[in-house]
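# how would this look folded up:
(one chain, ligands or ions: 1)
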Amino acid sequence: GTISAGPDGPLRAKSMIKMARRLPADIPVRGEDIDTIHSSSITLKQIEQLADRVRSALEDASCLGVVITHGTDTMEETAAALECMLHPEKPVVLTGAMVPTKDRGADGPDNVADAIACVGEGSIARLGVVIAMHQRLHAAMEVTKGHTTSTDSFTSGDAGPVGWVTPTAVEIVRAPMRLPLTSTRLEQHVALVRLVAGDTGRLIELAAGDGARGLVVECMGMG
Ligand code: ASP
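Residues are numbered from 1 along each chain as shown. Next comes the predicted model:
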């Protein structure tokens, strides 16, 4: 994603750690590269592989938690999938950038530093998987990307963020919604259909005819 857009091509994890400002001195950080892709092309298999890697990292007693840098386009989907598949008891924090790291005003370095600071604040584990962007913490099952270009693009709607990252502390302001779902695998063939004015239901028939194992239908208003 945008966070890996460095001056000489895609940045590796080690460079992202180096570029982070205000890194807490007492938290040892180790970088690992998994995939360098546009998050718009991530597959459910890749999300499962990421979940497997995060699970085994968390099982290591010396690991305090995991930070994942991710493109913003599908970050909320990976976050929700990890929350359902892992239900982690240690911090798992996703972060990214809206401004390419090679450009003026890049937000990636601060976001990475904030995400690492969140792992250092072990109590955020009770929030489940979170997204740290623009000094705000959002819970995986509540967050969505709400703006295409603004650095303040992630939102938890009317409920607001679950926490804030200040220069000196990580503050948790409320408990998030967490679902008791746990499955280590994702169903690969689920269709999402949004109803619109003039809808004939044709997309639902097409999805069912195409062998969808499930259908999520985004309906209108109060019915
Ligand atoms: N297209 C990018 C992505 O991989 C956008 C971003 O990272 O903000 O999601």
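# Flag the shaky bits of this protein, pLDDT-wise.
223 (pLDDT under 70).
# Close to the ligand: what parts of it are there?
Contacts of the chain with the ligand, taken as C-beta under 6 Å from any ligand atom, map to G1, T2, H38, S39, S40, G71, T72, D73, G96, M98. Glycine gets a C-beta too; all of them are placed from N, C-alpha and C.
# Only the buried subset of those, as a ChimeraX command please.
Selection of the buried residues among the residues of the chain next to the ligand in ChimeraX, burial being defined by 16 or more other C-beta atoms under 10 Å:
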select :1,2,39,71,72,73,96,98
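# name the element A175 belongs to?
Per DSSP states H and E, A175 falls between elements, in no helix or strand.
# and it, how many neighbours does it have?
11 (other C-beta atoms under 10 Å).
# For R136, what are phi and psi?
phi -120, psi 150 (degrees, to the nearest 10).
# Around the nearest residue to it once chain neighbours are set aside, how many other residues sit close by?
In space, and not counting its chain neighbours, R136 is closest to P161: 4.1 Å by C-beta to C-beta, 6 or more residues apart in numbering. When neighbours are defined as other C-beta under 10 Å, P161 has 26 of them.
# residues in contact with P161?
Contact analysis of P161 by C-beta atoms under 8 Å, 6 or more residues apart in numbering lists R136, L137, H138, V173.
# what about the third one, distance to the ligand?
Remark: distance between H138 and the ligand (C-beta to the nearest ligand atom, to the nearest Å) = 15 Å.
# do the same with G120
25 Å.
# give me phi/psi at that residue?
Backbone torsions for G120, taken as degrees, to the nearest 10, come to phi -60, psi -30.
# Please tell me I have it right and it contacts D26.
Yes. Using C-beta atoms under 8 Å, G120 makes contact with D26 at a distance of 7.3 Å.
# Surely A117 is in contact with V170?
Yes. Shown here, A117 and V170 form a contact pair, counting by C-beta under 8 Å, at 6.0 Å.
# Between the two, point out the one with more neighbours.
Counted by other C-beta under 10 Å, A117 and V170 do not tie: A117 has more neighbours, with 24 against 19.
# What strand or helix carries the closest residue to the more buried one other than its chain neighbours?
With sequence-adjacent residues excluded and distances taken as C-beta to C-beta, 6+ apart, A117 is closest to P24, at 5.6 Å. For P24, there is no host helix or strand (DSSP H and E).
# Please list all residues in contact with P24.
Contacts of P24 (C-beta under 8 Å, 6+ apart): I116, A117, G120.
# nearest residue to the last one other than its sequence neighbours?
Spelled out, it's G120. Leaving aside its sequence neighbours, G120 is closest to I27 (4.6 Å, by C-beta to C-beta, 6+ apart).
# could you list every residue that touches the one you found?
Neighbours of I27 in contact, by C-beta under 8 Å, 6+ apart: L64, I116, A117, V119, G120.
# Greatest separation within the residues you listed: which pair is it?
L64 and A117 (11.6 Å; C-beta to C-beta).
# The closest residue to P91 other than its chain neighbours: neighbour count?
Residue nearest to P91 in three dimensions, not counting chain neighbours: G65, with 3.3 Å by C-beta to C-beta, 6+ apart. As a burial measure, G65 scores 23 neighbours (other C-beta under 10 Å).
# No further queries at this time; thank you.
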